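Enquirer: no FASTA, just this:
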Ligand code: HEM
């Protein structure tokens, strides 16, 4: 027995000194060549590699030692058991520039600054009370969308554009009370930011070769992104500052007001604490919330509508539920009270989050100390990528994982709140998304309303089964082709 125990201990101490398995690496490029292929979206390629090397895999992406997690069990180990060791974010070139030295929330390094801004996010920006207080804004913007779609009924509508405009308008109003007139510029800015923010750009893969940034023209590109974002953000922030200095009180606080309350002039003391947000910090957080609020929520609505159009029976069942509930309460407008009863719609959204997590590789993390996971050694400063997309399609956890079956959530408690690791579209642990409540409030209301008021057809005689479902490359996995639809007003709907 003693011999067996000692052999076992020896074996486990040997594996604890070993890195996780992974494909053979080439000099200089490491495993980069394995990410390129016919199907070259990183989350797809990483899932294929995990099929060969297992749910914890070690790669070298350029110079960067990287561990890829592809199962619920390992994700739990990383994001719950050892969350404290893995809650740092790697330095990404884009964040250094566009988010003013990584002083946003999502890409900020773990430490005192992040703790303070995360606290502001949890206690001031995204509380249930604040999400509730934005209800009139949500309802008004969704009603505007429905009216504009009704005017275009029978013709081809670019639903992707409309949904982004909706989430951008809602987020703009709750962030700075006005609608963003700069929608097109902001959308282009978000597109450019998400492409570079993936962490797979050459500068983030070879951080030691600093001149790469200048040689390739990236420095100029980043400076241009900062200039473009300043053009959108500066006037908004300085307008709020001047109102604050004049002592003007607004009826309700927006996000910039909340953040400015934490900004101290030299001799001013606010909130009784020593923590102060610099104006550049406020710009970083503001820009991120505007981006996170519009991009991810519109992406999930776009995918939900795509799946419903592809699956007409599920579309019908979802519409019957919404219409049935409204008819029962003799209402013609979806309000938040009726949304509580839309159980099937919630399952549809959950199933969409499973099949199309808007951030398929979440946001990368970095180990802060050496740690042991599944008996393998993970050295300090290893980048950790959690493939949430692969995890929520794992055939060991999900029956017919490729199929869109909302009913799978009927009799299960599995939820996306960060406690069920087979479904983690919002991440988990200390760095879990703080905007879940806000995102769902927007998504549920908009989808329920669109499904109530319109019947939907695909243009050009496209059959449901032929709808293209390809994804784009970037930190968010949006539809590669914008979703074009023909809305037809539901005969019983009234718009006021
Ligand atoms: C469907 C919508 C959304 C999805 C799928 C989503 C997903 C995520 C994910 C995966 C993370 C990283 C979690 C981790 O590392 O464990 C994250 C972080 C974050 N999200 Fe969201 N998000 C959504 C909507 C929003 C909204 C509406 C906001 C705010 C307006 C928001 C603000 C943030 C922030 C500030 C972080 C950084 C948290 C931190 O690092 O401490 N998100 N989100």
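Expert: All right, it came through fine. Model, not experiment: these values are computed from the prediction. Numbers count the residues shown, from 1 in each chain.

Enquirer: Return the residues of the stretch 1-150 of the chain in contact with the ligand.
Expert: 105, 106, 118, 121 (C-beta under 6 Å from any ligand atom). No exception for glycine: its C-beta is placed from N, CA and C like everyone else's.

Enquirer: So which bits of the stretch 301-450 of the chain are right by the ligand?
Expert: Counting by C-beta under 6 Å from any ligand atom, the stretch 301-450 of the chain sits next to the ligand at 358-359, 362-363, 425-429, 431-435, 438-439.

Enquirer: all strands of the stretch 1-150 of the chain, in order?
Expert: 56-61, 64-69 (DSSP state E, counting those that start in this stretch).

Enquirer: can I get these in JSON lines with distance to residue 405 and mean pLDDT?
Expert: Below are the strands of the stretch 1-150 of the chain laid out as JSON lines (distance: least, C-beta to C-beta, whole Å; pLDDT from 0 to 100):
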{"stretch": "strand 56-61", "distance to residue 405": "29", "mean pLDDT": "96"}
{"stretch": "strand 64-69", "distance to residue 405": "25", "mean pLDDT": "97"}
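
Enquirer: Make JSON lines out of the ones you listed and add mean neighbour count.
Expert: Formatted as JSON lines, the strands of the stretch 1-150 of the chain follow (neighbours: other C-beta atoms under 10 Å):
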{"stretch": "strand 56-61", "mean neighbour count": "23"}
{"stretch": "strand 64-69", "mean neighbour count": "24"}
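
Enquirer: The ones you listed into TSV, with extra columns for distance to residue 173?
Expert: As requested, the strands of the stretch 1-150 of the chain are arranged in TSV below (distance: least, C-beta to C-beta, whole Å):
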stretch	distance to residue 173
strand 56-61	40
strand 64-69	38
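
Enquirer: Mind checking these for the one nearest to residue 203?
Expert: Shortest separation from residue 203 across the strands of the stretch 1-150 of the chain is recorded for strand 64-69, at 11.1 Å, computed as C-beta to C-beta.

Enquirer: Where do the helices of the stretch 251-400 of the chain begin and end?
Expert: 255-260, 279-310, 312-328, 336-339, 343-355, 388-391 (DSSP state H, counting those that start in this stretch).

Enquirer: Looking at the residues of the stretch 301-450 of the chain next to the ligand, which is nearest residue 213?
Expert: For those, the nearest to residue 213 is residue 363 (21.8 Å; C-beta to C-beta).

Enquirer: Identify the residues contacting that closest one.
Expert: Contacts here follow C-beta atoms under 8 Å, 6 or more residues apart in numbering; on that basis residue 363 touches 89, 106, 107, 427, 431, 475.

Enquirer: Give me the pLDDT for the second one.
Expert: According to the prediction, residue 106 has pLDDT 95.

Enquirer: Test my guess that it contacts residue 89.
Expert: Yes. The pair residue 106 / residue 89 is scored as a contact, 7.4 Å apart, by C-beta atoms under 8 Å.

Enquirer: So for those two, which residues contact both of them?
Expert: 363, 431.

Enquirer: number of nearby residues for residue 407?
Expert: Neighbour count of residue 407, defined by other C-beta atoms under 10 Å: 12.

Enquirer: Is it correct that it falls within a helix?
Expert: Yes. Note on residue 407: a helix contains this position according to DSSP: H, G, I helix; E, B strand; the rest coil.

Enquirer: okay, and for this protein, where does confidence drop off?
Expert: 1-16, 37-39, 180-183, 198-199, 250-251, 265-273, 495-496 (pLDDT under 70).

Enquirer: now residue 65, nearest residue through space, not along the chain?
Expert: residue 382 (4.9 Å; C-beta to C-beta, 6 or more residues apart in numbering).

Enquirer: Next: residue 121.
Expert: Nearest to residue 121 is residue 434, by C-beta to C-beta, 6+ apart, at 4.6 Å.

Enquirer: phi, psi of that neighbour?
Expert: The phi/psi pair for residue 434 (degrees, to the nearest 10) reads phi -80, psi 0.

Enquirer: Taking the stretch 101-250 of the chain, what residue is nearest to the ligand?
Expert: residue 106 (3.4 Å; C-beta to the nearest ligand atom).

Enquirer: Get me the contact residues on the stretch 151-300 of the chain for the ligand.
Expert: So the stretch 151-300 of the chain meets the ligand at 289, 292, 293, 296, 297, 300 (C-beta under 6 Å from any ligand atom).

Enquirer: State the distance from residue 455 to residue 400.
Expert: 28 Å (C-beta to C-beta, to the nearest Å).

Enquirer: These two: which is more packed in?
Expert: Between residue 455 and residue 400, counted using other C-beta under 10 Å, residue 455 has the larger neighbour count: 15 against 9.

Enquirer: three-state assignment of that one?
Expert: Strictly by three-state DSSP, residue 455 counts as strand.

Enquirer: The closest residue in space to it that isn't next to it in sequence sits in which helix or strand?
Expert: Spatial nearest neighbour of residue 455, chain neighbours left out: residue 488 (4.7 Å); criterion: C-beta to C-beta, 6+ apart. Element membership for residue 488, per DSSP states H and E: strand 484-489.

Enquirer: Which stretches in the stretch 101-250 of the chain count as helices?
Expert: Counting by DSSP H, counting those that start in this stretch, the helices of the stretch 101-250 of the chain are 112-120, 128-133, 135-151, 159-176, 183-196, 202-205, 211-215, 218-245.

Enquirer: so which of those is the most packed in?
Expert: Highest mean neighbour count among the helices of the stretch 101-250 of the chain (mean count of other C-beta atoms under 10 Å): helix 159-176, with a mean of 23.

Enquirer: name the helices or strands packed onto that helix?
Expert: helix 135-151, helix 183-196, helix 255-260, helix 279-310, helix 436-453 (3 or more C-beta pairs under 8 Å, 6 or more residues apart in numbering; DSSP states H and E).

Enquirer: Residue 346: neighbouring residues, count only.
Expert: 17.

Enquirer: do the same with residue 126
Expert: 19.

Enquirer: Next, it: phi, psi?
Expert: Dihedral angles (degrees, to the nearest 10) for residue 126: phi -120, psi 30.

Enquirer: same deal with residue 402?
Expert: phi -80, psi -20.

Enquirer: Give me the neighbour count for it.
Expert: Residue 402, neighbours per other C-beta under 10 Å, totals 9.

Enquirer: Leaving out chain neighbours, which residue sits closest to it?
Expert: Here the residue nearest residue 402, using C-beta to C-beta, 6+ apart, is residue 393, at 6.8 Å.

Enquirer: Quickly note the distance from the one you found to the ligand.
Expert: Distance, residue 393 to the ligand, using C-beta to the nearest ligand atom, to the nearest Å: 16 Å.
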